[in-house]
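K.L.:
Here's my sequence, what's the structure:
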Amino acid sequence: MREKIVVIDDDEKITSMLRRSLAFEGYTVFTANHGVEGLKSITENEPHAVILDVMMPQLDGWEVVRRIREAGLEVPVLMLTAKDEVSDRVKGLDLGADDYLVKPFALEELLARVRVLLRRKSPDKPEVQTNKLTYLDLSLDLDTREVFRGGRLVELTTKEFDLLHLFMQNPRRVLSRDIIMEKVWGYDYSGESNVLEVYVALLRQKTEEHGHKRIIQTVRGAGYVLRGEG
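P.N.:
Sure thing, here's the model as predicted:
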């Protein structure tokens with residue numbers, strides 16, 4: 001059964017981004033743009049986790065989490081805030097939040113925190129070890145952050161590694177430019193518009209050394225895909 005997540009935030013850019021990204025990860029996602037609507041969604045959909053903004057109209061996040069716990073609901077709650085104040089974090093945690101994340105956040109960190117919260121609520125669920133990924137003659141180790149192709153070490157920068165990691169999590173699946181930018185650079189990225197093309201070119205150069213065939217393909221009008229003959 002797909003795990004359900006309710007996202008409550010008055011910033012439609014964030015709710016839209018999280019809806020796409022969480023759905024991409026395999027979750028069923030419901031969104032709300034204020035606290036009253038969010039509480040209704042929680043009651044109707046009985047989610048496995050809630051992502052909750054603090055500052056919202058009608059009903060703020062602190063009141064929402066207070067009412068969630070007052071109703072006896074044990075659903076994990078990850079609170080989001082634009083203010084990195086210790087007093088705000090303490091207040092949210094005291095009211096019953098399980099975790100706290102400050103905006104702007106890296107999407108990968110949010111997804112990791114969601115996975116941790118879901119595991120806490122499902123202690124008997126076996127955890128799949130995914131520290132090493134392989135595709136054809138390419139291997140990636142998350143523990144050592146090393147990449148090998150054909151037995152040779154491929155030296156990558158942090159972002160190159162993160163980009164390749166995303167491709168290797170989704171072999172033969174076409175990834176749109178928007179999805180890649182959100183998951184590797186974060187929803188608030190405002191740098192050079194051609195940064196993805198530059199990093200794809202760098203990855204190709206490094207993974208195609210020593211005569212290896214291209215495995216990061218361009219799908220015109222759609223995005224990029226990890227696919228090749230090795």
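K.L.:
what about the closest residue to residue 106 other than its chain neighbours, how many neighbours?
P.N.:
In space, and not counting its chain neighbours, residue 106 is closest to residue 186: 4.9 Å by Cβ to Cβ, 6 or more residues apart in numbering. Just so you know, the C-beta spots here come from the backbone N, C-alpha and C atoms, and that holds for glycine as well. Residue 186 has 17 neighbours, counted by other Cβ atoms under 10 Å.
K.L.:
Isn't residue 108 up against residue 162?
P.N.:
Yes - distance between residue 108 and residue 162: 7.3 Å, which falls inside the contact criterion (Cβ atoms under 8 Å).
K.L.:
what's the overlap in contacts for those two?
P.N.:
residue 184 (Cβ atoms under 8 Å, 6 or more residues apart in numbering).
K.L.:
quick one: buried residues of the helix or strand of the chain with the lowest mean pLDDT?
P.N.:
In the chain, no helix or strand scores lower on mean pLDDT, DSSP states H and E than helix 86-95, which sits at a mean of 76. Using 16 or more other Cβ atoms under 10 Å as the test for burial, helix 86-95 gives 88, 89, 91, 92, 95.
K.L.:
what about the strands in this protein?
P.N.:
With DSSP state E, the ranges of strands along the chain come out as 4-8, 28-32, 49-53, 77-81, 99-102, 132-135, 138-141, 146-149, 152-154, 216-219, 223-226.
K.L.:
Spell out the residue ranges of the helices in the chain.
P.N.:
Using DSSP state H, the helices of the chain run over 12-24, 35-45, 61-70, 86-95, 107-120, 158-169, 177-180, 195-207.
K.L.:
Make CSV out of the buried residues of helix 86-95 and add distance to residue 3.
P.N.:
Converted to CSV, those look like this (distance: Cβ to Cβ, whole Å):
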residue, distance to residue 3
88, 28
89, 25
91, 28
92, 22
95, 24
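K.L.:
Pick out whichever of those sits closest to residue 214.
P.N.:
Among those, residue 89 lies closest to residue 214 (Cβ to Cβ), at 46.5 Å.
K.L.:
Number of residues surrounding the residue nearest to residue 61 when sequence neighbours are not counted?
P.N.:
Leaving aside its sequence neighbours, residue 61 sits nearest to residue 54 (Cβ to Cβ, 6+ apart; 4.0 Å). By other Cβ under 10 Å, 22 other residues sit near residue 54.
K.L.:
go on, the one 3 residues further on?
P.N.:
For residue 57, the count of nearby residues is 10 (other Cβ under 10 Å).
K.L.:
before we move on, what about the one 3 residues further on?
P.N.:
Neighbouring residues of residue 60 were enumerated by other Cβ under 10 Å; the total is 17.
K.L.:
same check, this time on the one 5 residues further on
P.N.:
By the criterion of other Cβ under 10 Å, residue 65 has 26 neighbours.
K.L.:
what's near enough to touch residue 166?
P.N.:
Taking Cβ under 8 Å, 6+ apart, we find residue 166 in contact with 175, 180, 183, 184.
K.L.:
would you turn these into JSON lines with distance to residue 168, pLDDT and neighbour count?
P.N.:
Shown next, in JSON lines, are the contacts of residue 166 (distance: Cβ to Cβ, whole Å; pLDDT from 0 to 100; neighbours: other Cβ atoms under 10 Å):
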{"residue": "175", "distance to residue 168": "11", "pLDDT": "94", "neighbour count": "21"}
{"residue": "180", "distance to residue 168": "13", "pLDDT": "92", "neighbour count": "18"}
{"residue": "183", "distance to residue 168": "13", "pLDDT": "88", "neighbour count": "24"}
{"residue": "184", "distance to residue 168": "13", "pLDDT": "88", "neighbour count": "24"}
